[in-house]
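Need a 3D model of the following:
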Amino acid sequence: PISARPGGARRSGRGRPARRTLHRAMASAATSAASASALVEDGSPEKVTTELSSQVPGLREIGNQAVWSLSTAKPGNGVEQIRDDSTDTYWQSDGTAPHTISIQFSRQEVISCIGLYLNFSLDESYTPKQVVLRAGTGPYDLREVCSMTLTEPNGWQILPLEGDANDGEQAINAFHVEISVINMHQNGKDTHVRMCKIFGPRPKHAIDVCTGYHFETVDHTQFMTIR
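This is a model prediction of the structure:
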């Protein structure tokens, strides 16, 4: 209803209820923002990286030394999204399976393990179910070194290796590594991978000859040698 005010001014009789509704909406938005902030903090890059480091002690990430390529990708969901240390972004394939991640090094590297960050709770039918890892000197002589079947994975999945590097340790020597997603949960067509990390052993010079301590962090190892 519209009511008249002295002097001809008019106002809506619903003004105060409308303001109360606006205040409630603002409070609800603030609560939602706080919840979202808590989720972002819980899945922060620092926490995710710490969780992975605890699963691969004594190893270093060597992915920045390689050239990465994908079999297919939707625009805006490619290599950068699986290498940006964020659990909010992801690679999304755009073709028929198998979907592959190719990692090419300029020299032969010792590879200890590979980690994939997957989230079935968010990705559902896009989540990889069967993953096969192949390695070799190039894309035409790859051999299978690992096969893993996953069940609704959430978090880091470490692909174990069985190879011939480092005197029988679980590692392989390779120039080229290919990660193949063979099929997805719920018979999905395309896949989501939120992060991919590849690890090798730390160089032996990371042990201080004076103190005998073994340094693992970048902050310490960057000062281990003098040129």
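
mind listing the strands for this structure?
Taking DSSP state E, the strands of the chain run over residues 2-4, 10-12, 59-61, 66-70, 91-92, 99-111, 113-119, 128-136, 143-149, 154-159, 172-184, 192-193, 195-201.

give me the low-pLDDT residue ranges for the chain?
1-49, 162-169, 204-227 (pLDDT under 70).

thinking again about what came up before, okay, the strands of the chain, which one's buried deepest?
Burial among the strands of the chain, expressed as mean neighbours by mean count of other CB atoms under 10 Å, is greatest for strand 192-193, which shows a mean of 26. No exception for glycine: its C-beta is placed from N, CA and C like everyone else's.

Please name every helix or strand in contact with that strand.
strand 91-92, strand 113-119 (3 or more CB pairs under 8 Å, 6 or more residues apart in numbering; DSSP states H and E).

out of these, which comes closest to Gly63?
With distances scored as CB to CB, the stretch of the helices and strands packed on strand 192-193 nearest to Gly63 is strand 113-119 (9.4 Å).

Give me the angle between that closest one and strand 154-159.
Put simply, strand 113-119 runs at 160 degrees to strand 154-159, going by axes from the mean of the first three to the mean of the last three CA atoms, to 10 degrees.

Pipe the strands of the chain into JSON lines and attach distance to Asp85 per row.
Listed next are those as JSON lines, based on distance: least, CB to CB, whole Å:
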{"stretch": "strand 2-4", "distance to Asp85": "57"}
{"stretch": "strand 10-12", "distance to Asp85": "52"}
{"stretch": "strand 59-61", "distance to Asp85": "10"}
{"stretch": "strand 66-70", "distance to Asp85": "14"}
{"stretch": "strand 91-92", "distance to Asp85": "14"}
{"stretch": "strand 99-111", "distance to Asp85": "16"}
{"stretch": "strand 113-119", "distance to Asp85": "10"}
{"stretch": "strand 128-136", "distance to Asp85": "20"}
{"stretch": "strand 143-149", "distance to Asp85": "23"}
{"stretch": "strand 154-159", "distance to Asp85": "13"}
{"stretch": "strand 172-184", "distance to Asp85": "18"}
{"stretch": "strand 192-193", "distance to Asp85": "14"}
{"stretch": "strand 195-201", "distance to Asp85": "7"}
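
closest to Asn77 out of those strands?
strand 91-92 (4.0 Å).

contacts for the closest one?
The contact list for strand 91-92 (CB atoms under 8 Å, 6 or more residues apart in numbering) reads 70, 73-74, 77-79, 81-82, 101, 126, 190-194, 196.

Mind doing that once more with 7 Å?
Residues from elsewhere that reach strand 91-92 (CB atoms under 7 Å, 6 or more residues apart in numbering): Leu70, Ala73, Lys74, Asn77, Gly78, Gln81, Ile82, Asp190, His192, Val193.

My read is that the last one contacts Asn119, right?
No. In terms of CB atoms under 7 Å, Val193 does not count as a neighbour of Asn119; the distance is 9.8 Å.

Quick one: residues contacting Gly63.
Arg83, Lys197, Ile198.

nearest to Tyr90, of those?
Using CB to CB, the contacts of Gly63 come closest to Tyr90 at Arg83, 11.3 Å.

If any of the contacts of strand 91-92 are buried, give me the PyMOL selection for them.
Here is the PyMOL command that selects the buried residues among the contacts of strand 91-92 (16 or more other CB atoms under 10 Å):
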select buried, resi 70+73+77+78+81+82+190+192+193
